[in-house]
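**Q** Just a sequence and a predicted model for now, questions to come.
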Amino acid sequence: MQRSDEAAYREYVTLRMDVLRRTAFLLCHDWHTADDLVATALARLYDKWKRAAQADNIDAYVRAMLVNVYLDERRRPWRREVSTDRMPEVPAAEVAAAGEHQDLLALVRSLPKKRRAVIVLRFYLDHSVEETAEMLGISTGTVKSQTARGLETLRAAISNVSGVQ
């Protein structure tokens, strides 16, 4: 990589690191795993920087890389561990932000991984159906059905928790 490319890469990563970490956290619900996902995605981005820099929407390109890293990692046998009740040490601002949405995050975490990825991309990152389909390598119909099923599951869970029918 040339110096000018490396400088552009570093600037991009510096500006987007927090957003990438939060996105990864929404996918996996663990700050340590989120950091690993981001590190892996950024290593891949470094290798493909010339291509990424030429993309129409570099943020979408990188988010797609991050989601693919998440889905790849979920397939690994060592990632099938059960989480413990102990919270990892995280900065107070992250604890406060996570605590405000803890119930909703727990409900999102209960969704299957691909459905969770669709919900995060569509509603947290505000991607269109077409963008989400392209990032995940699935059809727009699958995005729509996964979105509908995910929202239906979340609504039912919220109704059960709040006692609203």
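**A** Good, I have the coordinates.
**Q** any idea where the strands of the chain begin and end?
**A** Shown for the chain, no strands are assigned by DSSP state E.
**Q** Sketch out the low-pLDDT regions of it for me.
**A** 1, 76-102, 161-165 (pLDDT under 70).
**Q** Go again with 50.
**A** Counting by pLDDT under 50, the ranges of the chain that qualify are 80, 92, 95-100.
**Q** Quick check: buried residues in the lengthiest helix in it?
**A** As assigned by DSSP state H, the longest helix anywhere in the chain is helix 3-28. Residues of helix 3-28 classed as buried: 9, 12, 16, 20-28 (neighbour count, 16 or more other Cβ atoms under 10 Å). The way it works is simple: take the backbone N, C-alpha and C, and place the C-beta from them, glycine included.
**Q** Closest to residue 152 out of these?
**A** Of all the buried residues of helix 3-28, residue 26 has the smallest distance to residue 152: 19.5 Å, by Cβ to Cβ.
**Q** Hmm, the closest one is touching residue 124, no?
**A** Yes - with contacts counted by Cβ atoms under 8 Å, residue 26 reaches residue 124, the gap being 5.6 Å.
**Q** Show me what the longest helix of the chain is packed against.
**A** Where contact means 3 or more Cβ pairs under 8 Å, 6 or more residues apart in numbering; DSSP states H and E, helix 3-28 is packed against helix 31-47, helix 49-53, helix 58-75.
**Q** and that helix, how far from the chain's centre?
**A** 13 Å (Cα atoms, centre = their mean, to the nearest Å).
**Q** Likewise for stretch 149-157?
**A** 19 Å.
**Q** quick one: contacts of that stretch?
**A** Stretch 149-157 has contacts (Cβ atoms under 8 Å, 6 or more residues apart in numbering) with 107-108, 110-111, 115-116, 118-119.
**Q** Weed out the non-buried ones from those residues.
**A** With burial judged by 16+ other Cβ under 10 Å, the buried subset of these is 107-108, 111, 115-116, 118-119.
**Q** Of these, which is the nearest to residue 51?
**A** Nearest to residue 51 out of the buried ones among the contacts of stretch 149-157 is residue 118 (Cβ to Cβ; 25.1 Å).
**Q** from memory the closest one sits against residue 145, does it?
**A** No - if you go by Cβ under 8 Å, residue 118 and residue 145 don't touch, sitting 9.3 Å apart.
**Q** Having no further points to raise, I will conclude here.
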